[in-house]
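Q: Just to be clear, the model below is a prediction. Sequence and coordinates:
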Amino acid sequence: MRSVPSTMSRRGFLAAGGGLAAASALSGCSALAATDDDPGTLVVHSQLGTTAPGSPTYLSALDRFRMENPGLKVRNLVNGDDLAQVYETSRLARKEPDVVMVNLYDKTLAWTDVGATVDVKGYLDDWGLRKRVLPVALNAWTDGKGRVRAFPYFATNWPVAYNRALLDKAGVDRVPATGDELIAAAGKLRRKGIAPVTVGGNDWTGQKLLAQIIQTFLTEDEARHVYVTGDFGGRGARQGLEYFVELRDAGVFADKAQGLTSDSMTTQFNTQAAAMQSAMSSALAKVPAEVARHTDVGGWPLAPGTAHDKPTILRTYTLIGFWISPNGTKKIDAVEKFLRFMYRPDTVSRFIKEAGRDMALRSDTVSSDFPLVAAAQRLGGDVSQVLLPDLFVPPAATQPLITATSTSFTRGTSAAKVRSVLEAAYRGA
Amino acid sequence: MKSANHSRLGRSWLPAHILVWLYAVLLVVPLYYFVASAFKTNEEIFASPFALPSSFGLGNFGTAFHSADLGLAVVNSALVTVFSLVLTLALSIPAAFALARSTGRLASLVESVFSLGFLIPTFAALFPTFLLAAATGLFHTRTFMILFLPATAMPLSVVILVQFMRTVPREMEEAARMDGASTFAVLRHVYTPMCLPGIATVLLLNFLTFWNEYLYSLVIIGPDPAQRTVQVALPTLKSITGTDYGVLTAGTVLTLVPVWIVYTVLQKRMQQALVSGAVKM
C-alpha cells in the first residue's frame, strides 16, 4: 500500500484539474445565468427558423432588423409542434419570450383569456398598423370580447390542386365540378393505376377536408354552430356526412387514406402518384415546377342541393401572427420596432416573393416564382369559401377530432358512425 | 466418420444459423433504411424506400447541421451528459459502497428506498420538477438538468453497483486495512477497480439515457439555441407543413454519431473490465 499516497496525489491532481475545467466550462457557457431577463434583448419564439416554409426569409429579415437596430439584440427561439407547450411552461415560470409567432389554433385559442398573452388592440392603433391589416384578418383575430389576440401576419388559401396531365391521361377531359364527375374521374384514374384524391386521413389535412365536405350543405352560420357545439345531427351536417361517405366508398380518396399523413399526401401529389389534393399555400409552393406547369387549382366539387353556388375552398387568415407576452409589455419599445419592421411593405413583399406565403396584410406583390400560390390568390370569386373550423372547435376537442378523422376515412364506416365519432370527440372535451 | 459427424452437427445447427441471420436482418434493415434515407429526397424516400440513394451527396447533412444549429446542440448535450455522469458516479459509488458493506436493517431499508425510485413514472415527476426549477431560479438553465439527471439515475446506478460490490471478498478489505488503508482508500483502491465492469455498465446505461433525454430538456432547458440539447434541436427540423425527411434523418444520423462512438468505446472497456475483474478475483 506504500504506493497508494503517490497514486492518490497524481490522480487527485488530475481530478482537481478536471473539476476546475468543469467549473470553467459551466461558467463559460453561462449555465447558471438564464438569459430570459436581459432587458436589452428582444426574445422572439417562433416556428420559423429551420425548415418551415418562409424560414430563410424570416432569418434574413431578422438579420436586416439587427443591422438597422444595432443597439437592440434579438434572440430567436425555435420550436415546431411543441411551441405552445414550451411557451405555456415558460409563462408559468414568468420567463416567457417577449413575442410569440404561432397560429391561432388549439391551445393558443385560450391564451388571451388566461392572460398568457395580452390584447394587442391598443398597440395596433397606437402604432398605426391597423390600416396595414386586411379587415377580414383583423376580424378573424378578434375574440368574442373585442380583444385582438395578436398581430395578424400569414394567411393561406386552401384550394384543391388538380394535376391536369394525369386527368388527361386517364381520359378525364375537365376538372370535376360535381360529385358525380369526381366519382367518374376517380374510377378512370384508378383504372390507370393513379390514386385520385390524396389526403392525410390520419392528421389535420384529413380533418380540414372532412370539414370542407361536411359544409357542402351548410351555410356559414350553420357551419359555425356545428363546429362550436359539436352537434352534427342537423339536416345539413347529416347530408354533408352522407356526401363524404358516398365519395369515400366510391373510391375517390387514395387507398388507405385513413393511415396517410400530410407528408405522404404532398409526396403522392408531387411525385404524380395521385392526381388531386386539397393543399394550403405552403404545400402548393413546394409542388415541383414540372408538376405545377400542368396543375390547375380550384374548388371542391359540389353535390346536388348544396348550400354553395360554386366549388368550395378553405381560406384562413389565422396562420402565424405576432403575440405579445406580459414580459413583452415590459420591452414594448423594442416590440414596437420589431412589429413596425415586420409590417413594413418591403418585408411583407419578401415573404410573398421569396417564400410564396399568403399574407394577412395589404400588399400588391404577387408571388411570381410560385405559380400555384398566385393562381390560388386569383381564384377570388370563382370559388365559394367555407369555414375553417379551427377558430370554433373548443381547444380540448381539437386532437380528439383529428383522431376521429382517421375513422371517418376508413372505408365501410357508415355516415351514422362517422357522426357518432365526431360527436364523441366533443363529449370527451 | 468425422465428416458424417460434422454434417450431422451442421444440420442440427441449421435452425440456429437461420435464426441468427434473421435476427441480423431484422437489425440491419431498419438501420439501412435509416442511413439510406439520409441521402435521399422526400420523393425518393416515399416512392422507393429501400432503393439505394441516387447520390451520396452530403447536402442533407449540411442543411440539417446549419438549419438546426446542431454543432452547438451537440456541445450542450455533451456538457449536460458528461457532468451528469460525473455527478452520478460521484454519488452512487460511495452510496453503493456503504450499502454493500452494511448489514443492518437501516441499510436494507435505505437500499429499498433507492429501489423505490423505479416506481416514479417520468410524467408524474415533470410538474413538481418544473416547479422546483422555477423556485430555485434554475429554470432555462443546463445546470438544473445536470443536478436533476443524476437524481433520476441514482436508483438504477446504486442497485447495480451494490450487487457488484457485494461480490468483493471481505478478505480484500481486511488485507488493505492491515496495510493501514483508510475507508476512502479501501473504496478507491479495492472496491472501485474490482467493480469496473459495474461502473462501465452504469456509465453506458446512463449515457444513453442522458443523451437521449427529451421531455425534461425541452421543458426545463427550453428552446434557446445557446442552451438547448441535441434532442430539442432535432425536432425543429420537422415542419407542420411538409417535413423534409431526408434532412431530418441526416440530422438524426449526425446526433447518433457520439452515441455510436461512446457505445463502441465503453462496450470494449466493459469487456476488458469484466476479464480483468475475473482475474483479480
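A: Cool, got the structure.

Q: Using the three-state scheme, assign the residue nearest the centre of chain B.
A: Centrality entry for chain B: nearest residue to the mean C-alpha point is B:Leu208, 1.7 Å, by Cα atoms, centre = their mean. B:Leu208 falls in the helix class when you classify it by DSSP: H, G, I helix; E, B strand; the rest coil.

Q: I am assuming it contacts B:Trp260, so please confirm or correct that.
A: No. In this structure, B:Leu208 is not within contact of B:Trp260 by Cβ atoms under 8 Å, at 11.2 Å. C-beta here means a position set from N, CA and C on the backbone, and glycine is covered the same way.

Q: circling back: give me every residue that touches the nearest residue to the residue nearest to the centre of chain B once chain neighbours are set aside.
A: Distance criterion Cβ to Cβ, 6 or more residues apart in numbering or on different chains; nearest residue to B:Leu208, sequence neighbours excluded, is B:Val259 at 6.9 Å. B:Val259 makes contact with B:Phe207, B:Leu208, B:Trp211, B:Asn212 under the criterion Cβ atoms under 8 Å, 6 or more residues apart in numbering or on different chains.

Q: do the same with A:Gln239
A: A:Gln239 sits next to A:Thr216, A:Phe217, A:Ala303, A:Gly305 when contact means Cβ under 8 Å, 6+ apart.

Q: per-domain residue ranges of the chain.
A: Because you didn't say which chain, this covers chain A. Following automatic domain parsing, chain A resolves into domains at A:41-152+A:320-359, A:157-316+A:371-427.

Q: Please refer instead to chain B.
A: B:2-37, B:70-280.

Q: Let's have the ones you listed in TSV, adding mean pLDDT.
A: Shown next, in TSV, are the domains of chain B (pLDDT from 0 to 100):
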stretch	mean pLDDT
domain B:2-37	84
domain B:70-280	89
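
Q: Of these, flag the one that's most buried.
A: With neighbours defined as mean count of other Cβ atoms under 10 Å in any protein chain shown, the domains of chain B peak in mean count at domain B:70-280, which reaches a mean of 18.

Q: Take the contacts of A:Gln239 and write them to JSON lines, including neighbour count.
A: Putting those into JSON lines (neighbours: other Cβ atoms under 10 Å in any protein chain shown) gives the following:
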{"residue": "A:Thr216", "neighbour count": "26"}
{"residue": "A:Phe217", "neighbour count": "24"}
{"residue": "A:Ala303", "neighbour count": "20"}
{"residue": "A:Gly305", "neighbour count": "10"}
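
Q: how about these, which pair is most distant?
A: Spatially, the most separated pair among the contacts of A:Gln239 is A:Thr216 and A:Gly305, at 8.8 Å (Cβ to Cβ).

Q: Now the element after the lowest-mean-pLDDT helix or strand in chain A, going C-ward?
A: Least confident helix or strand, chain A: helix A:3-28 with a mean of 46, by mean pLDDT, DSSP states H and E. Downstream of helix A:3-28, the first helix or strand assigned by DSSP states H and E is strand A:41-46.

Q: contact partners of the following helix or strand past that next one?
A: On the C-terminal side of strand A:41-46, the nearest following helix or strand under DSSP H and E is helix A:55-68. By Cβ under 8 Å, 6+ apart, the surrounding residues in contact with helix A:55-68 are A:44, A:46, A:48-49, A:72-74, A:76, A:337-338, A:341-342, A:347, A:350-351, A:354-355, B:67.

Q: and those, which are buried?
A: Among the contacts of helix A:55-68, those classed as buried by 16 or more other Cβ atoms under 10 Å in any protein chain shown are A:44, A:46, A:48-49, A:72, A:74, A:76, A:337-338, A:341-342, A:347, A:350-351, A:354-355, B:67.

Q: circling back: now, which of the contacts of A:Gln239 sits nearest B:Ser115?
A: Using Cβ to Cβ, the contacts of A:Gln239 come closest to B:Ser115 at A:Thr216, 60.8 Å.

Q: contacting residues around the closest one?
A: Neighbours of A:Thr216 in contact, by Cβ under 8 Å, 6+ apart: A:Gln239, A:Gly240, A:Tyr243, A:Trp300, A:Leu302, A:Ala303, A:Thr306, A:Ala307, A:His308, A:Thr312.

Q: Tell me the one of these nearest A:Gly328?
A: Comparing these against A:Gly328 with Cβ to Cβ places A:Thr312 closest, at 38.1 Å.

Q: Burial check on that closest one, number of neighbours?
A: For A:Thr312, the neighbour count with other Cβ atoms under 10 Å in any protein chain shown is 24.

Q: Now do the contacts for it.
A: If you count contacts by Cβ under 8 Å, 6+ apart, A:Thr312 has them with A:Gln212, A:Gln215, A:Thr216, A:Gly299, A:Trp300, A:Leu302, A:Val383, A:Ser384, A:Gln385, A:Val386.

Q: how about a cut-off of 10 Å?
A: A:158-160, A:212-213, A:215-216, A:298-302, A:306, A:383-386 (Cβ atoms under 10 Å, 6 or more residues apart in numbering or on different chains).

Q: Just want the phi and psi numbers for it.
A: For A:Thr312, the backbone dihedrals (degrees, to the nearest 10) come out as phi -100, psi 150.

Q: Just the pLDDT for it.
A: If you check A:Thr312, the pLDDT there is 96.

Q: What residues are bridge-paired with it?
A: Here A:Thr312 sits in beta bridges with A:Trp300, A:Ser384, going by DSSP bridges.

Q: The residue nearest to B:Leu208: which element?
A: For B:Val259, the host element (DSSP H and E) is helix B:245-280.

Q: Report the secondary structure state of the residue nearest the centre of chain A.
A: For chain A, A:Leu319 is the residue whose C-alpha lies nearest the centre (Cα atoms, centre = their mean; 5.6 Å). Put simply, A:Leu319 is coil when judged by three-state DSSP.

Q: same check, this time on the one 3 residues further on
A: Put simply, A:Phe322 is strand when judged by three-state DSSP.

Q: Next, count neighbours for it.
A: 23.

Q: now A:Glu222
A: Look at A:Glu222: counted by other Cβ under 10 Å, it has 18 neighbours.

Q: my guess is it meets A:Phe392, correct?
A: No. With contact taken as Cβ atoms under 10 Å, A:Glu222 and A:Phe392 are classed as non-touching, separated by 11.8 Å.

Q: pretty sure the residue nearest to the centre of chain B is in contact with B:Tyr263, am I right?
A: Yes. The pair B:Leu208 and B:Tyr263 qualifies as a contact (Cβ under 10 Å) at a distance of 7.6 Å.

Q: Mind checking if the helix or strand containing B:Pro30 is in reach of chain A?
A: Assigned by DSSP H and E, B:Pro30 belongs to helix B:2-37. No. For helix B:2-37, no contact with chain A is found by Cβ under 10 Å from any Cβ of the partner chain; the gap never falls below 12.8 Å.

Q: That helix packs against which elements?
A: Judged by 3 or more Cβ pairs under 10 Å, 6 or more residues apart in numbering or on different chains; DSSP states H and E, the packing partners of helix B:2-37 are helix B:42-47, helix B:245-280.
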